[in-house]
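Trainee: structure here, sequence nowhere to be found:
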């Protein structure tokens, strides 16, 4: 598994270097959704093909989750779950908050994960049972209390089709702010923000709705770092079925569960 982990990180870094070389600080000039999607496809498709080529050679026996936005997580066998340009919106707007993410799933559980944000200088890696690293060094979550916390939230790309998740997202923001959290932010890709809980750059991240493809990489990193990763009620988080997600340091988790529930 160690050799596989090293090869995975190398492939992700190579893909990130390619995309970073093409990145421009000027916002995309597109004015319609169709124009933006075409521009993104021109950048993302070659990067995704490169990542797939490298990882297929690394582990030929693994299948591929066809789309990183999938809410269904394969229950059997080895699968690659990858997003060559995670944070496409930020990338196209000329911002540095984007990443390359790759996760190896085995029987529905994340075994290896890399979240690499080349323009931010963050490379997170994790192996199930083997801990989590940021730029090669072990990480751990923060111990800040809720009154000093900076937390983050987001929503699944398909949240508009889930009215319950939309309602919970709105009410939860009000509950967290009323509960004394001084700052709530959204800092780009979901996987990166969840990973940042593991390193203490954020104190917590929550979300409502099914979003397994985006949450799985960061969830493994945060959990292996020592953060508590659950659903919004404090129960075990299940990528394919949990209605809410919470990753938090031990100092804030219980209080956030109370606020979100």
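Mentor: Done, it's in. These figures come from a predicted structure and were not determined experimentally. Numbering: from 1, shown residues only.
Trainee: just the strands in the chain please.
Mentor: 63-64, 78-86, 99-106, 109-117, 122-127, 132-134, 137-138, 150-153, 183-185, 204-208, 228-230, 244-248 (DSSP state E).
Trainee: what's the closest of the ones you listed to residue 236?
Mentor: Judged by C-beta to C-beta, the one of the strands of the chain that comes nearest to residue 236 is strand 228-230, at 6.4 Å. The way it works is simple: take the backbone N, C-alpha and C, and place the C-beta from them, glycine included.
Trainee: packing partners for the closest one?
Mentor: Using 3 or more C-beta pairs under 8 Å, 6 or more residues apart in numbering; DSSP states H and E, the elements in contact with strand 228-230 are helix 212-225, strand 244-248, helix 253-260.
Trainee: pLDDT averaged over the last one - what is it?
Mentor: Taken as a whole, helix 253-260 has a mean pLDDT of 97.
Trainee: shift numbering so it begins at 31
Mentor: Yep, numbering from 31; the last one is helix 283-290 now.
Trainee: excluding residues flanking it in the chain, which one is nearest residue 125?
Mentor: residue 218 (7.5 Å; C-beta to C-beta, 6 or more residues apart in numbering).
Trainee: the residue lying closest to residue 233 once chain neighbours are set aside: neighbour count?
Mentor: Nearest residue to residue 233 in three dimensions, chain neighbours excluded: residue 179, at 3.8 Å (C-beta to C-beta, 6+ apart). As a burial measure, residue 179 scores 23 neighbours (other C-beta atoms under 10 Å).
Trainee: phi and psi next, for residue 179.
Mentor: Main-chain torsions, residue 179, degrees, to the nearest 10: phi -90, psi 150.
Trainee: go ahead and confirm it touches residue 235.
Mentor: No. At 11.2 Å, residue 179 does not count as touching residue 235 under the criterion of C-beta atoms under 8 Å.
Trainee: hmm, back to that, mind putting the strands of the chain into JSON lines with mean pLDDT, mean neighbour count and distance to residue 49?
Mentor: Below are the strands of the chain laid out as JSON lines (pLDDT from 0 to 100; neighbours: other C-beta atoms under 10 Å; distance: least, C-beta to C-beta, whole Å):
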{"stretch": "strand 93-94", "mean pLDDT": "94", "mean neighbour count": "13", "distance to residue 49": "19"}
{"stretch": "strand 108-116", "mean pLDDT": "96", "mean neighbour count": "23", "distance to residue 49": "6"}
{"stretch": "strand 129-136", "mean pLDDT": "97", "mean neighbour count": "27", "distance to residue 49": "7"}
{"stretch": "strand 139-147", "mean pLDDT": "97", "mean neighbour count": "24", "distance to residue 49": "10"}
{"stretch": "strand 152-157", "mean pLDDT": "98", "mean neighbour count": "24", "distance to residue 49": "14"}
{"stretch": "strand 162-164", "mean pLDDT": "98", "mean neighbour count": "22", "distance to residue 49": "20"}
{"stretch": "strand 167-168", "mean pLDDT": "98", "mean neighbour count": "10", "distance to residue 49": "24"}
{"stretch": "strand 180-183", "mean pLDDT": "98", "mean neighbour count": "22", "distance to residue 49": "23"}
{"stretch": "strand 213-215", "mean pLDDT": "96", "mean neighbour count": "14", "distance to residue 49": "24"}
{"stretch": "strand 234-238", "mean pLDDT": "97", "mean neighbour count": "28", "distance to residue 49": "24"}
{"stretch": "strand 258-260", "mean pLDDT": "98", "mean neighbour count": "22", "distance to residue 49": "28"}
{"stretch": "strand 274-278", "mean pLDDT": "98", "mean neighbour count": "28", "distance to residue 49": "26"}
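Trainee: sweet, I'm off.
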